[in-house]
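1. fold the following.
(one chain, ligands or ions: 2)
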Amino acid sequence: MLQHYLFVGFTAIYYSQSAANPQRRPHLFASLALQEAEGSRTVDRIRQVKTAEIPLWLDEQMQRHISDEVRHAQIFTKAVEREGYFIDLDSEAAQQSLSSVGEGSMRRYHQVDDLAAAPLPSLLASVLLAEEMGVRGFRCILRALPSDLTVTRTALESVLRDEERHVRYLTDALRYFRATSVVDAYRRDIESKMFKDLGKVVEFLTKPATERPSLVQPGQKPDLSLI
Ligand SMILES: [Fe+2]
Ligand SMILES: [Fe+2]
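-> Ligands and ions are numbered 1, 2, ... in the order given. Got it, this is the predicted structure:
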């Protein structure tokens, strides 16, 4: 329980500080754009490799989920541009970020070479945890976001509504597969791993923005179709 609160607390500090700080905000939005794009690809991959096990109602929700995440990636890309930056996809930070989210991280977590080798409820449980973190993160960001950024706020509110829906349908799916205990076990596991790395987490949170690898460059990039 203590681990859970520490985990939630640290995530909240990270999101709130980043959203409030104009130097860190473009980087935060860029990392969210990459995560959202990667999230879409991951759900799409699960849908493809598990077609035979997915009932129609769940498939419809997953299709909607995939297009929601594409839209979210576009929203965050635009939010970065509104701050006067563009996402530097060639940066080391971008490459690191892409390998630490989405399908690659899910394969590592489930210790499989292909998502097809992991049970569907386990994959859905991992997605649900990511969505829960997203909901918590977006709520923090919305609380900390300066009030004059009205366009970004409205867009973020619509993202949050989608994420809440993702949490609801995935919770229903895990009930349907009688696998809610899988989520609880993963949640404890991920939080205890994070707890073991607490030193690194604190170091990351307290590092000045100028010393962090950046996902963004100042200026506008004309070609927005890369994400
Ligand atoms: Fe999303
Ligand atoms: Fe989502």
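2. close to ligand 1: what parts of this structure are there?
-> 36, 69, 72 (Cβ under 5 Å from the ion). No exception for glycine: its C-beta is placed from N, CA and C like everyone else's.
3. tell me if I'm right that residue 36 and residue 76 touch.
-> Yes: judged on Cβ atoms under 8 Å, residue 36 makes contact with residue 76 at a distance of 6.1 Å.
4. could you find the closest non-adjacent residue to residue 61?
-> residue 169 (4.2 Å; Cβ to Cβ, 6 or more residues apart in numbering).
5. could you look up the SS state of the most centrally placed residue in the chain?
-> For the chain, residue 35 is the residue whose C-alpha lies nearest the centre (Cα atoms, centre = their mean; 4.8 Å). Reduced to three states with DSSP: H, G, I helix; E, B strand; the rest coil, the structure at residue 35 is helix.
6. okay, now the nearest residue to it once chain neighbours are set aside: neighbour count?
-> Closest residue to residue 35 apart from its sequence neighbours, by Cβ to Cβ, 6+ apart: residue 101 at 4.9 Å. Neighbour count for residue 101, taken as other Cβ atoms under 10 Å: 19.
7. now do the same contact list for residue 101.
-> 34-35, 38-39 (Cβ atoms under 8 Å, 6 or more residues apart in numbering).
8. do you know how far it is from ligand 1?
-> According to Cβ to the ion, to the nearest Å, residue 101 and ligand 1 sit 11 Å apart.
9. next one: that residue from residue 196, what distance?
-> 20 Å (Cβ to Cβ, to the nearest Å).
10. now swap in residue 10 and tell me
-> 13 Å.
11. compare the two and say which is more crowded by neighbours.
-> residue 10 (17 against 11).
12. Provide the secondary structure category for the more buried one.
-> Residue 10 - assigned by three-state DSSP - is helix.
13. can you check residue 217 too?
-> Residue 217 - assigned by three-state DSSP - is strand.
14. run the chain-centre distance for stretch 143-155.
-> 19 Å (Cα atoms, centre = their mean, to the nearest Å).
15. pull out the buried residues from it.
-> 144-145, 149, 152-153, 155 (16 or more other Cβ atoms under 10 Å).
16. quick one: residues in contact with stretch 178-189.
-> Residues outside stretch 178-189 that contact it (Cβ under 8 Å, 6+ apart) are 3-4, 121-122, 124-126, 128-129, 171, 174.
17. if I look at the residue of the chain positioned farthest from its centre, how far off is residue 12?
-> What lies farthest from the middle of the chain is residue 52; by Cα atoms, centre = their mean that is 26.8 Å. Using Cβ to Cβ, we find residue 52 at a distance of 40 Å from residue 12.
18. kindly report the same for residue 108.
-> 26 Å.
19. equivalent analysis for residue 53, please.
-> With Cβ to Cβ as the criterion, residue 53 and residue 12 are 36 Å apart.
20. so between those two, which is more surrounded?
-> Taking neighbours as other Cβ under 10 Å, residue 53 and residue 12 compare with residue 12 leading, 17 against 11.
21. show me the contacts for that one.
-> 136, 140 are the contacts of residue 12 under Cβ under 8 Å, 6+ apart.
22. kindly report the same for residue 128.
-> For residue 128, the contacting residues are 167, 170-171, 174, 183, by Cβ under 8 Å, 6+ apart.
23. hang on, residue 144 packs against residue 16?
-> Yes: taking Cβ under 8 Å as the definition, residue 144 is a contact partner of residue 16 at 4.0 Å.
24. in this protein, which spans are strands?
-> 85-87, 216-218 (DSSP state E).
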